[in-house]
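Asker: After the sequence you'll find the predicted model.
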Amino acid sequence: MTNGNEWWRSAVIYQIYPRSFSDGIGDDGLGDLVGITERLPALVELGVDAIWLSPFYTSPQKDAGYDVADYCDVDPVFGTLADFVTLEKRAHELGLKLIVDLVPNHTSDQHRWFVEAMAADEGSPERGRYIFRDGKGKDGELPPNNWDSVFGGPAWTRVTRPDGTPGQWYLHLFDTSQPDLDWDSPWVREQFRDILRFWLDRGVDGFRVDVAHGLVKADGLPDYTPPASGGSMGGGTVGLEPEIEAHAADDPATPPYWAQERVHEIYRDWHNVLEEYDGERVLCAEAWVEPLSKLALWVRPDEMQQAFNFSYLETPWEGPAIRKVIDVSLEAFTSVGAPSTWVLSNHDVVRHASRLALTAENPQGHGIGPKSPGKPVRELGLRRARAATALMLALPGSAYLYQGEELGLPEVIDLPDEARQDPTWFRTHGERYGRDGCRVPIPWEADKPSYGFGPTGRSWLPQPADWAPYARDAQRGVAGSTLELYRLALALRAEQDLGMGGVEWLPGHGDDIVAFRNGGVIVIANTGEAAVELPAGEILLSSERLGDGILPGDTTVWLRA
Ligand code: GLC
């Protein structure tokens, strides 16, 4: 039951990508749970309400932990279950809610369930946990259908029988090391109820649900050819399309592996599992589903509480498109009694300090690298990112931040090829750079080895030589720094209770201007290049230094209403 006032309706939730946040143990250049616990006070100082931890579970790390080999234990590279308990206790003491990641679409191929399935006979209950099928063609030499993996290449891999002959094929919408579970199996459903309870018993406040649109596949696994419009992380329908109208209004054809109607019964079931526990728990869908009216099905009153608003993330920095996506979002989510979420960056997309100044199209998940067409201009990207964040944090609902964006970090474009680790890079033979550029360990102290990421100076992806000015200690207390802009925005947002407010559009502005009132704050964002007149009033926040009475291009201002 909802009381309409739950913390997640308005929370600012900070995504921690454990391997790149802080190397507390200092052994391997990989972040860990001890490092996160040590750094929690910095997040309290930043002013966020909750943290979401990307996977830290036992995993061969083929997809940076999104290939889980044991859902109820911690991978030794990140620490131990005891380290998790300490982290959680500390977070709660500090008043931070804690969300963990749940990866139900697929397991690692090293998960016991899959190892047993591979050892078992065709047609056995163990095989029935996954999606094994006979191949097509004379000898089953062709895959069961034409689906492609989100990471590139075919979505099927053929197994070899114990006698050395080729056997059936198994489905993997992502890497070969990530076999898809069969959610028609009651056994699979029971395992995940137990996994939810395992973490709820430990007191987590909720789950971010990975690939929440993918669990159920259409009966008969029919062939499907996606439209030629690029692809998003979920293999969805749009990349960085110039017109938001395309996202908001059209209902793209539903692929047989995404957004199937029967997926919703799983979330109704999980809703009830969460209800077994006291307190206000949250399920947040990572579902690359458009249009937003369809995504809203994930957050009906008896399903999940939140869904990432990727339509917002994919919206270009243009006034009309931004106004439209805000309207459509509020309408879609309000119609089912859910808050909207807002997000600009995460571990799967080009950081918004680079993305907003890209000069060429860049489909989600492709990344940018030395040979990509169109390079972001760094100063322009940062300027737009600061303005975009200042706009986002004034919106009602819940906002997600991705570690490092509060430092204004750009995408790292020039990683050496031999350092890259994203399966996308390997599966496309370097055609797509993938997501490593947004996953580089973050800088804490300008003058320390690895910018204070860890004591050894090592970092699992190399950090750029020019990152010292981005380090947290170089920005802390410095007026006008990106870190201080985030702190001020978060403090004002909390003080004015903007998360529980509303959007009242202010008329009389040109196309480039996004102007609205939320409670005691008037927000004016200039997405164009040309400066405009700034209405009189007390300035509470500005994403850039202001001249007298002027709102420059690519700048957002908050005025007292
Ligand atoms: C989600 C994750 C992404 C991962 C994929 C497969 O999209 O955010 O990082 O690679 O699922 O689990």
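Answerer: Received it, and whenever you're ready, just let me know what you need. Residues are numbered from 1 along each chain as shown.
Asker: contacts and neighbour counts: CA atoms only from here.
Answerer: Fine.
Asker: show me what contacts the residue lying closest to P449 once chain neighbours are set aside?
Answerer: Take P449 and drop its neighbours on the chain: the residue closest to it by Cα to Cα, 6 or more residues apart in numbering is G457, 4.4 Å away. By Cα atoms under 8 Å, 6 or more residues apart in numbering, the contact set of G457 is G29, K448, P449, S450, Y451.
Asker: Make sure G457 is indeed in a helix.
Answerer: No. Applying DSSP: H, G, I helix; E, B strand; the rest coil, one finds G457 to be coil, outside a helix.
Asker: With the ligand as the reference, measure out to it.
Answerer: Distance of G457 to the ligand, given as Cα to the nearest ligand atom, to the nearest Å: 26 Å.
Asker: how close does that residue get to Q463?
Answerer: 10 Å (Cα to Cα, to the nearest Å).
Asker: F516 now?
Answerer: Applying Cα to Cα, the value for F516 to Q463 is 39 Å.
Asker: So for these two, which sits in the more crowded spot?
Answerer: With neighbours defined as other Cα atoms under 10 Å, F516 and Q463 compare such that F516 has more, 22 against 19.
Asker: right, and the helix or strand after the lowest-mean-pLDDT helix or strand in the chain?
Answerer: Lowest by mean pLDDT, DSSP states H and E among the helices and strands of the chain is helix 244-249, with a mean of 37. Using DSSP states H and E, the helix or strand that follows helix 244-249 in sequence is helix 263-275.
Asker: For that following helix, name the packing helices and strands.
Answerer: For helix 263-275, the elements it packs on are helix 186-201, judged by 3 or more Cα pairs under 8 Å, 6 or more residues apart in numbering; DSSP states H and E.
Asker: And the helix it packs on, what's buried?
Answerer: V188, R189, F192, R193, I195, L196, R197, W199, L200 (16 or more other Cα atoms under 10 Å).
Asker: One more: stretch 122-135?
Answerer: In terms of neighbour count (16+ other Cα under 10 Å), stretch 122-135 has its buried residues at E122, E126, R127, G128, R129, Y130, I131, F132, R133, D134, G135.
Asker: all helices of this structure, in order?
Answerer: Remark: helices assigned in the chain by DSSP state H are 33-46, 81-93, 112-119, 186-201, 244-249, 263-275, 292-295, 310-313, 319-334, 352-355, 378-392, 423-427, 472-475, 482-495.
Asker: which of these is buried the deepest?
Answerer: Comparing the helices of the chain by mean neighbour count (mean count of other Cα atoms under 10 Å), helix 352-355 ranks first with a mean of 28.
Asker: Closest residue of the chain to the ligand?
Answerer: Nearest residue of the chain to the ligand: Y66, at 4.5 Å (Cα to the nearest ligand atom).
Asker: so that residue touches P104, yeah?
Answerer: No. Using Cα atoms under 8 Å, Y66 is not in contact with P104, being 9.8 Å away.
Asker: Of the two, which one has the most company?
Answerer: Remark: of Y66 and P104, Y66 carries more neighbours, 25 against 22, as counted by other Cα under 10 Å.
Asker: check contacts around the more buried one.
Answerer: So Y66 contacts P55, S59, V103 (Cα under 8 Å, 6+ apart).
Asker: Now do the same contact list for E190.
Answerer: Shown in contact with E190 (Cα under 8 Å, 6+ apart): no residues.
Asker: pLDDT score assigned to the residue nearest in space to the middle of the chain?
Answerer: With distances taken as Cα atoms, centre = their mean, the residue of the chain nearest its centroid is N346 (4.2 Å). You'll see N346 listed with a pLDDT of 98.
Asker: give me the beta-bridge partners of the residue lying closest to it once chain neighbours are set aside?
Answerer: Spatially, and ignoring its direct neighbours in sequence, N346 is nearest to Y402 (5.1 Å; Cα to Cα, 6+ apart). Note on Y402: beta-bridge partners Q15, judged by DSSP bridges.
Asker: ok, how many other residues are close to Y402?
Answerer: Using other Cα under 10 Å: Y402 sits among 20 other residues.
Asker: ok, now S459?
Answerer: 24.
Asker: List the residues that contact it.
Answerer: D28, G29, L30, P441, S450, F453.
Asker: I25 touches G35, doesn't it?
Answerer: Yes. At 6.9 Å, I25 and G35 qualify as touching, with contact defined as Cα under 8 Å.
Asker: does G501 really touch G519, like I thought?
Answerer: Yes. Between G501 and G519 there is a contact under Cα under 8 Å: 6.1 Å.
Asker: Mind listing the residues bridging to the closest residue to L102 other than its chain neighbours?
Answerer: Leaving aside its sequence neighbours, L102 sits nearest to V209 (Cα to Cα, 6+ apart; 5.0 Å). V209 has these beta-bridge partners by DSSP bridges: L102, A285.
Asker: I'd like to know how many residues surround V209.
Answerer: By other Cα under 10 Å, 20 other residues sit near V209.
Asker: likewise the one 4 residues further on?
Answerer: Here the neighbour count serves as a burial measure; for H213 (other Cα under 10 Å) it reads 25.
Asker: what residues are up against L274?
Answerer: With contact set as Cα under 8 Å, 6+ apart, L274 has these partners: L200, R281.
Asker: repeat for G35
Answerer: Contacts of G35 by Cα under 8 Å, 6+ apart are F21, S22, D23, G24, I25.
Asker: now do D134
Answerer: G140, P143, P144, G167, Q168, W169.
Asker: who in the protein is up against the ligand?
Answerer: Counting by Cα under 6 Å from any ligand atom, the chain comes close to the ligand at D63, Y66, F174, D210, V211, M233, D348.
Asker: thinking again about what came up before, pretty sure the residue nearest to the centre of the chain is in contact with L401, am I right?
Answerer: Yes. With contacts defined as Cα under 8 Å, N346 counts as touching L401 at a distance of 7.5 Å.
Asker: Sounds good, over and out.
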